[in-house]
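Student: after the sequence you'll find the predicted model.
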Amino acid sequence: MSWQRELVKGLYAENPIFRIVLGVCPTLAVTSSAMNGLGMGAAVIFVLTCSNLLIALLLLVFKNMFSAETNKKVQKIRIPIFIVIIATFVTITDLAMQAYTPALSAKLGIFIPLIVVNCIILGRAEAFACRNGLVASALDGIGMGLGFTWALTLLGVIREFLGAGQVFGLPVFGPEHEPMLIMILAPGAFITLGLMLGFFNYLDLRKARKKE
Amino acid sequence: MLKLGTILLSVCLLAAGVLSLVNSQTKPVIEANNAAKQSLALIEVLPQAKAGVIVPVMKDGVITHYRGYADAETTRLVGYAVAVGGVGYSSVVRSIVGVGLDGKIENVKIMEPITETPGLGDKVLAEGSYGGKRQRWFMQLVGRQAPELVVNKDGGPIDAVTGATISSRAVVNSLRRGLTQLGTDENLGQAAASTATYDTTGATPAAEGTEK
């Protein structure tokens, strides 16, 4: 359980989108362009790292404050506690960005409230932060966030290229080009994600077969 | 059980306390940001008014529109500005419009952030082929009067953004309402003409109109 491992696993081996398939609702919703995917990813890195850290810290405090028996009981209400912490954190981020970085908020503003419903945040709190120490939890947050970001950006690039004929807002084809509009609409999100999941599963299968 | 309730309650109280603190800190800054953005937008849509000599016109304690003057003594009226908001697909799209003395639109500024469907609704800001020219979507509104402000889906002359008719309609309909109201308030003759020539079913009249 080295710290390096916690950081790297989210990139490929346990990639939130292509491997654990968590946080799919915001993924489908925002990947209509590469920039949107990158923006959502950046916001998630921040919130995920902080919420992981805070939850690990809170449970550490509980451990020292209450008896072992009470701590066992606290397990029953951990989910509502996580949700309160995550929602609080997201709201703080949203307000702070609106107040002190209005330009950035204008770009990313619509993604911030979406983070509350992102399963990956609650998923990491539940699967990792409540069982591991502070540093490991923070590294897990950063790694998972980065894995989420590249997955979203890749989906965004593919959909923007096919659906709008652009990459990061820069036109690739001439002005006469008629893009496949469906790719930036909801069906395009399902088609792209489905094909990508299939592709990564295929890579896995091939690897397994080679081993045999 | 009581103990668990107490723990959850204290976590929630703590979260609420932190949030109210953050809110009280950020609220004045956010409001100042928005006010600054609004006055910048006003100067932008009324460039012929000497910067700053844009006077709000009140009716029943609410700002209905703005008058722009070319001199500090407010004797030479050069145009009007109206701030409007229209309900789109998932949000209210706000815009500020500069209107000449003849009731024709001179400048349009759509306020960011636009929280319509990413990749579609926000295209009202993007370049495209509209009105036979490559220009930003809202530029085709320049020179129009209130009765002409109807999208093509409703039988009017304004090309809606492909895939974002509802967002386009929100902008266009809110501008028409704002201009019609301005025409009545300022007695602008032809601009006050009714809009009955076009069928605007499908529009969402609720919550539309001039912004306070």
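Tutor: Nice, thanks for sending it over. Numbers count the residues shown, from 1 in each chain, chains lettered A, B, ... in the order given.

Student: in chain A, what residue sits furthest out from the centroid?
Tutor: The outermost residue of chain A relative to its centre, with distances by Cα atoms, centre = their mean, is residue A:176 at 36.0 Å.

Student: okay, and the helix or strand of the chain with the least pLDDT?
Tutor: Looking at chain A here, since you left the chain open. Among the helices and strands of chain A, helix A:102-108 carries the lowest confidence by mean pLDDT, DSSP states H and E, at a mean of 74.

Student: that's the wrong chain, I meant chain B
Tutor: Per-SSE averages on chain B (mean pLDDT, DSSP H and E): minimum strand B:209-210, a mean of 40.

Student: so residue B:107 sits in a strand?
Tutor: Yes: secondary structure assignment (DSSP: H, G, I helix; E, B strand; the rest coil) places residue B:107 inside a strand.

Student: can you pull out the strands in chain A?
Tutor: Remark: strands assigned in chain A by DSSP state E are A:166-167, A:170-171.

Student: tell me where the chain is predicted with low confidence.
Tutor: If you meant another chain, say so; for now it's chain A. When residues are selected by pLDDT under 70, those of chain A lie in A:1, A:107-109.

Student: not what I meant, chain B
Tutor: B:1, B:50-52, B:118-119, B:189-212.

Student: how about the residues of it by chain A?
Tutor: B:3-4, B:7-8, B:11-12, B:15, B:18-19, B:22-23, B:25-26, B:29-30, B:33, B:37, B:112-113, B:115, B:117-120, B:129, B:134, B:162-163 (Cβ under 8 Å from any Cβ of the partner chain). Quick note: C-beta positions are derived from backbone N, CA and C, even for glycine.

Student: tell me the most buried of the strands of chain A?
Tutor: strand A:166-167 (a mean of 18; mean count of other Cβ atoms under 10 Å in any protein chain shown).

Student: residues touching residue 49, list them.
Tutor: Unless you meant another one, I'm taking chain A. By Cβ atoms under 8 Å, 6 or more residues apart in numbering or on different chains, the contact list for residue A:49 reads A:138, A:141-142, A:145.

Student: think we crossed wires, I meant chain B
Tutor: Taking Cβ under 8 Å, 6+ apart as the test, what residue B:49 contacts is B:43, B:68-70, B:78-79.

Student: from chain A, how far out is the closest residue to it other than its chain neighbours?
Tutor: Leaving aside its sequence neighbours, residue B:49 sits nearest to residue B:68 (Cβ to Cβ, 6 or more residues apart in numbering or on different chains; 2.9 Å). Distance, residue B:68 to chain A, using Cβ to the nearest Cβ, to the nearest Å: 25 Å.

Student: burial of residue B:68, as a residue count?
Tutor: Applying other Cβ atoms under 10 Å in any protein chain shown, we find 27 residues neighbouring residue B:68.

Student: tell me the SS of it?
Tutor: Residue B:68 - assigned by three-state DSSP - is strand.

Student: that one is in contact with residue B:46, isn't it?
Tutor: Yes: if you go by Cβ atoms under 8 Å, residue B:68 and residue B:46 touch, sitting 3.9 Å apart.

Student: report the separation between residue B:64 and chain A.
Tutor: For residue B:64 relative to chain A (Cβ to the nearest Cβ), the value is 27 Å.

Student: what is the biggest helix by length in chain B packed up against?
Tutor: Using DSSP state H, we find that the single longest helix of chain B is helix B:2-45. In terms of contacts (3 or more Cβ pairs under 8 Å, 6 or more residues apart in numbering or on different chains; DSSP states H and E), helix B:2-45 is packed against helix A:68-74, helix A:78-100, strand B:54-59, strand B:77-87, strand B:92-99, strand B:105-110.

Student: which neighbouring elements make contact with the host helix or strand of residue B:134?
Tutor: Here residue B:134 is covered by strand B:133-136, with elements defined by DSSP states H and E. For strand B:133-136, the contact count by 3+ Cβ pairs under 8 Å, 6+ apart identifies strand B:127-130 as packing neighbours.

Student: the strand it packs on pairs with which strands?
Tutor: Here strand B:127-130 is paired, per DSSP bridges, with strand B:133-136 (antiparallel).

Student: can you give the distance of stretch A:204-212 from its chain's centre?
Tutor: Offset of stretch A:204-212 from its chain centre (Cα atoms, centre = their mean, to the nearest Å): 28 Å.

Student: what sits against the closest residue to residue A:175 other than its chain neighbours?
Tutor: Using Cβ to Cβ, 6+ apart and skipping residues adjacent in sequence, the residue nearest residue A:175 is residue B:134, 6.4 Å away. Shown in contact with residue B:134 (Cβ under 8 Å, 6+ apart): A:175, B:127-128.

Student: among those, which one has the most neighbours?
Tutor: Top of these by neighbour count (other Cβ under 10 Å): residue B:128, with 16 neighbours.

Student: bridged to it, which residues?
Tutor: On the basis of DSSP bridges, residue B:128 is bridged to residue B:135.

Student: that one touches residue B:163, doesn't it?
Tutor: No: using Cβ under 8 Å as the test, residue B:128 is too far from residue B:163 to be in contact (11.0 Å).

Student: pull up the residues of chain A that are close to chain B.
Tutor: With Cβ under 8 Å from any Cβ as the criterion, chain A meets chain B at residues A:29-30, A:32-33, A:36, A:58, A:70, A:73-74, A:76-77, A:80-81, A:84-85, A:87-88, A:91-92, A:95-96, A:98-100, A:102, A:105-107, A:109-110, A:160, A:163-164, A:175, A:181, A:184-185.

Student: just to revisit the earlier point, of all the contacts of residue A:49, which comes closest to residue A:46?
Tutor: residue A:145 (7.5 Å; Cβ to Cβ).
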